[in-house]
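**Student:** A structural model of the following input is requested.
(chains A, B and C)
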Amino acid sequence: MTTATNSNAASSAASVNIPTNVLPPVYETDPVLEVDDFCVEYRAEKTVQAVKHVNLKLGRGEVLGLAGESGCGKSTLAYGINRLLKPPAVITSGRVSFNSREGYPIDVRALEGDDLRMFRWEKISMVFQGAMNSLNPVKKIKDQLGDVFTTHRPDMSRKERLDKCGELLERVGVDRNRLNAYPHELSGGMRQRVMIAMAMALDPQVMIMDEPTTALDVVVQREILREITRLKDEFGFAVIFITHDLPLLLEISDRIAVMRKGEIIEMNDAMSLYTNPQQEYTAKLLSSFPSLTGDRGDFIRTGSEDLAEGTSPFATKE
Amino acid sequence: MTTATRTAHAQRKPRKSRADSMLPPMTPKLAVGLTIVVIIAAFAIFVPFFVEDPNKVSDVGMTAPSAQHWLGTTQTGQDVFAQLAYACRGSLFIGLTVGVLAVALSSFFGILGAYVGGATDEAFSLLSNVMLVIPGLPLMIVIASYMPNKSSVLVAGVLALTSWAGPSRVLRGFTMSVRSRDYVLAARVAGEKPWRILFVEIFPNLIPLLASQAMSAIIAAILGEAGLSYLGLGATDSYTWGTMLYYAQNGMALILGAWWWFIPPGLCIALFGAALALINFSVDEIVNPKLKAATRSQIKKWKLEEKAGKAKSDAEYTPSPVPVPVAAKEAVA
Amino acid sequence: MKYVLRKLGFYAIALWAALTLNFFLPRIMPGNPVDQLISKLAQKGQVTPATRHAIELMLGSDSSVPMWRQYLNYFGNIFRGDLGVSVTYFPNSVTSVIGSTLPWTVGLVGISTILAFLIGTLLGTLAGWKRGSWIDNLIPVTTLLQSIPYFWLALILLYFFGLKNPIFPLFGGYDVWSVEPGWNWAFIGSVIKYGTLPAITIVLSSVGGWMLGMRNMMVATLSEDYILTAEAKGLSRGKIMVSYAARNAILPSISGFAISLGFVVAGSIVAESVFSYPGIGFALLTAVQNNDYALMQGIFMIITVSVLGANLFMDLIYGFIDPRTRAQG
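**Tutor:** Numbering: from 1, shown residues only, chains lettered A, B, ... in the order given. Below you'll find the model as predicted:
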């Protein structure tokens, strides 16, 4: 796993024979996304602070895992970065800076109207949870893939669009003739692959994935994760992978950020987080997943002594 | 889609606050609606005790409102205000009767059928579909034509018979979705008697929907009765807003300029119907909380706040220092 | 295919039920409809025993023919297209009366319903899309309009625009005194002039329902995940509103529309009564006033058939509009 981290740095280092752990991490040298002091509040009957003073940097081509339990604010953070939050959510402070590979920085919060629309999907794309409902039920797949191109690449001809859509599907392992199908005719795994294909359509620099495999069975989950890793290596985009499944992140992420009650309480590279968690919460999160080894009943009888005490380590609701 | 949101919403609510969540929050719309309904109901209940006999004819003919006759007189010298008071009673009686009957019928065929399932459900469903497609007003007209003397109860009965089918379909669909929810299944597994499950677990979810349907039924009944009466096919034993309009039309009220005879009954129908509709909106907002809109001013306020926050962040922002090889982790509080 | 057969079967049952109802109604009502009709007829002239007998047959008071046989005769007549002779429009047959009045109803109420649907759905789409905008304020207004009894509104409008300021004619389908029916501009112009006020009143009183329904559906649809996806993709707001939101939100309205088309004929009754418009609803009323049972039964049957037909049509084409139902077929 350590070899998968900082692969760009590793490949350039290999030619010069510098040990990789001396090089500065890629999120410092070449951050594609920088988030500073990001705060989001929900104005419901009571004001809820969903995201509190989050700072993070995402390196080019890096996989950053965002872990935490339900309601910790990880999705809100992701949507906020892409300006997809709706009232009553209010971004009360913060800066989001996107460093495009063409060389110039973009202040994401300053974008308006057409600029924002052009920015979306072109630079940052998203794969949402539960593709069951993320695809328009009354439009064919080829039209849904196609309207990304009609919006962002209006000069493409119809044939070019169709070809490109077919190519995108094949990239994720879906047969080209599915272009004429409707979403309800595809299986869950296929739909999620279509979502990934759609997210890659404009060759984005960052892909935000919000629980992309949660609704799928483990076999399909594994395939999808393999695809994502393969595509990332081939096309070089960075990934923010949001999930509550920490062991999953341990396998695919370069770095992991743990969120709790709207704050990032720990952020470290995956191996260090796993072997040497600095926060008690992180340790509890890691230990709450049953291990494949150990005596039968171990987890229930010994894994959560806090349950015996009557308090849950995950009691976060105010 | 709406059913799914209702499902999700109801499932998330813990038991004890369910009762609270069922009462609509007091909004201006709801307040106006309730006020109007209360005023008209009070008018209908109390005023008839204080006015003169609406049937009493006199020889003053059609006169405009005056101190003696607050709303003037009809062409036969009858007091319009008195008639209006009795008409309120008549119409509200019919409306209420139809409301109760229609809800009872649609509940029986819709809820019970969906809950019991099987052949009963198929039969009930077929019956309601057939009743739905048979046109109501022509049927009422045909029935009314065969019977020259119709009591209010008969008119109410016919109106209820032709209007229960639609709501019963909606109830059926909703009951079927509630029936498969986890807590209902849990109750069945725990061995609760079917009747208890129906009343304790399923029924409370349906209350907002039933309330909304009852109000729609009342509005439709009052309008339907008005229409029937206008055509000369309404109740013959009492005053209603509809029969007043029928007499007004026959007495050529509008053409002769007797607005005091023609306008008030119609206005009452419109106001009462609108009031019920407003209350219905508020109930809708419980059933489907997404319909509650943040007002424009609120949204504007939030947008301004965001802009202010951003300006502040931009002012405070200092570009991050030149990257230094750091092996330490990035822990942020 | 199975779907189609099931639907056809259902509508066949519904039709049978309606016709049976039509058959039994005069026979189960209290009072003696035969006598009522005879007394009406007697006002016009002599009533021969033969006429009385024919009427008894039609209404079922004739006990010489057993009920089941009357029932079969009834259906037999219907299939032969023999709906009897109209008393009101004597000696025209019921079929010819229906034939001459139906086009007027379909024209006026049909066009008005289509207009109300289009306007209401469009306004509802905009109202649902821009929450809290000024269009939302239209909703209480249109709701109020819907609570007003149709004929009351119509009469008031007729008073203001027909009597006080004679912009529109007071009654009729066209100018019977100076225009010949036929495909000429004078006739068509006259029809339009006479039909405008009725059409306006129908649209005004029904647009609220479409608007509210569409708005509620838009609001529900806008919270769906695929709308968020569309926004994240950077699609233009217009495109999202139309091809993602409205396209899904309109589905229930379309089936409602088809059903209301079916009720066009049924709903025309009050409108035609107010404006004395020569449609089928007006004919029904005249029939009722004259105890013209043959005409009444004939019109009721036609109304039922058109409602059922519209519903059946809707069920059949819904599969094309919503691809998800095709799978369940």
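
**Student:** Just the element for residue 268, please.
**Tutor:** Just going to use chain A. strand A:263-269 (DSSP states H and E).

**Student:** was after chain C, sorry
**Tutor:** helix C:247-275.

**Student:** returning to that earlier point: tell me if the helix or strand just after the strand holding A:N268 is near chain B.
**Tutor:** Later in the chain than strand A:263-269, the nearest helix or strand by DSSP H and E is helix A:270-275. Yes. With C-beta under 8 Å from any C-beta of the partner chain as the criterion, chain B is reached by helix A:270-275 at A:S272. Where C-beta positions appear, they are placed from N, C-alpha and C, glycine not excepted.

**Student:** ok, now which ones touch residue 191?
**Tutor:** If you meant another chain, say so; for now it's chain A. A:A131, A:M132, A:S134, A:L135, A:P183 (C-beta atoms under 8 Å, 6 or more residues apart in numbering or on different chains).

**Student:** Switch to chain C, please.
**Tutor:** C:G107, C:G173, C:Y174.

**Student:** By proximity to chain A, which residue of the stretch 151-300 of chain C wins?
**Tutor:** Residue of the stretch 151-300 of chain C nearest chain A, by C-beta to the nearest C-beta: C:G234 (3.6 Å).

**Student:** is it true that that residue touches A:R153?
**Tutor:** No. Between C:G234 and A:R153 there is no contact under C-beta atoms under 8 Å: 11.5 Å.

**Student:** quick one: which of the two has more around it?
**Tutor:** Neighbours of C:G234 and A:R153, each counted by other C-beta atoms under 10 Å in any protein chain shown, are more numerous for C:G234; the result is 22 against 14.

**Student:** Next, work out how far apart the closest residue to that one other than its chain neighbours and C:E272 are.
**Tutor:** Residue nearest to C:G234 in three dimensions, not counting chain neighbours: A:R120, with 3.6 Å by C-beta to C-beta, 6 or more residues apart in numbering or on different chains. Separation of A:R120 from C:E272 (C-beta to C-beta, to the nearest Å): 55 Å.

**Student:** And A:V63, by the same measure?
**Tutor:** Taken as C-beta to C-beta, the span from A:V63 to C:E272 is 71 Å.

**Student:** nearest residue to the residue nearest the centre of chain C other than its sequence neighbours?
**Tutor:** By C-alpha atoms, centre = their mean, chain C has its centre lying nearest to C:V264, at 1.8 Å. Spatial nearest neighbour of C:V264, excluding adjacent residues (C-beta to C-beta, 6+ apart): C:V109 at 4.5 Å.

**Student:** got the contact list for C:P198?
**Tutor:** Applying C-beta under 8 Å, 6+ apart, the residues near C:P198 are C:L108, C:S112, C:A154, C:A271, C:E272, C:V274, C:F275, C:Y277.

**Student:** what about A:L246, distance to A:R222?
**Tutor:** A:L246 is 17 Å from A:R222, by C-beta to C-beta.

**Student:** Also A:I256?
**Tutor:** 19 Å.

**Student:** who has more neighbours, these two?
**Tutor:** A:I256 (24 against 14).

**Student:** Double-check that the more buried one belongs to a strand.
**Tutor:** Yes. With DSSP: H, G, I helix; E, B strand; the rest coil as the criterion, A:I256 is assigned to a strand.

**Student:** I figured it hits A:L273, correct?
**Tutor:** Yes. If you go by C-beta under 8 Å, A:I256 and A:L273 touch, sitting 5.1 Å apart.

**Student:** okay, and the common contacts of the two?
**Tutor:** Looking at what touches both A:I256 and A:L273 (by C-beta under 8 Å, 6+ apart), the common residues are A:L250.

**Student:** pLDDT check: weakest of the contacts of A:R191?
**Tutor:** Across these, the bottom pLDDT score, 66, is held by A:A131.

**Student:** Spell out which residues of the stretch 1-150 of chain A are next to chain C.
**Tutor:** Residues of the stretch 1-150 of chain A lying near chain C (C-beta under 8 Å from any C-beta): A:82, A:84, A:116-122, A:125-126, A:128, A:130, A:133-139, A:147-148.

**Student:** Return the subset of these lying in strands.
**Tutor:** Here DSSP state E is the test, and the residues of the stretch 1-150 of chain A next to chain C give A:S125, A:M126 as lying in strands.

**Student:** In PyMOL, select just the buried ones from the residues of the stretch 1-150 of chain A next to chain C.
**Tutor:** Per 16 or more other C-beta atoms under 10 Å in any protein chain shown, the buried members of the residues of the stretch 1-150 of chain A next to chain C correspond to this PyMOL selection:
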select buried, chain A and resi 82+84+116+117+119+120+121+122+125+126+128+130+133+134+135+136+137+138+139+147+148
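
**Student:** Could you verify my assumption that B:H69 touches B:Q78?
**Tutor:** No. Contact status for B:H69 versus B:Q78: not in contact, 9.2 Å apart, counting by C-beta under 8 Å.

**Student:** returning to that earlier point: wait, which of the contacts of C:P198 is closest to chain B?
**Tutor:** Closest to chain B, out of all of the contacts of C:P198 and judged by C-beta to the nearest C-beta, is C:V274, at 8.4 Å.

**Student:** those helices in the stretch 51-200 of chain A, which residues are they?
**Tutor:** Along the stretch 51-200 of chain A, counting by DSSP state H, counting those that start in this stretch, helices occupy A:74-81, A:113-119, A:141-152, A:158-171, A:188-200.

**Student:** buried residues in the last one?
**Tutor:** What that stands for is helix A:188-200. A:G189, A:M190, A:R191, A:Q192, A:R193, A:V194, A:M195, A:I196, A:A197, A:M198, A:A199, A:M200.

**Student:** could I get that helix in CSV with only the CA atoms?
**Tutor:** Listed next in CSV are the C-alpha coordinates belonging to helix A:188-200 (Å, rounded to 0.1, in the frame of the first residue of the first chain):
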residue,chain,number,x,y,z
GLY,A,188,-27.2,-1.3,-9.7
GLY,A,189,-23.5,-2.0,-10.4
MET,A,190,-24.0,-1.0,-14.0
ARG,A,191,-25.7,2.2,-13.1
GLN,A,192,-22.8,3.1,-10.8
ARG,A,193,-20.4,2.4,-13.6
VAL,A,194,-22.4,4.7,-15.9
MET,A,195,-22.1,7.4,-13.2
ILE,A,196,-18.4,7.0,-13.1
ALA,A,197,-18.2,7.1,-16.9
MET,A,198,-20.2,10.3,-16.8
ALA,A,199,-18.0,11.8,-14.2
MET,A,200,-14.9,11.2,-16.4
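
**Student:** Report the distance from the helix or strand that that helix is followed by to the chain centre.
**Tutor:** Reading on from helix A:188-200 to the C-terminus, the next helix or strand found by DSSP H and E is strand A:206-210. How far strand A:206-210 lies from its chain's middle: 4 Å, per C-alpha atoms, centre = their mean, to the nearest Å.

**Student:** Show me the domain layout of chain C.
**Tutor:** C:2-80, C:98-328 (automatic domain parsing).

**Student:** Out of the ones you listed, the one nearest B:A308 is which?
**Tutor:** domain C:98-328 (21.1 Å; C-beta to C-beta).

**Student:** Please compute how far that closest one lies from its chain's middle.
**Tutor:** On C-alpha atoms, centre = their mean, the centre of domain C:98-328 falls 9 Å from that of its chain.
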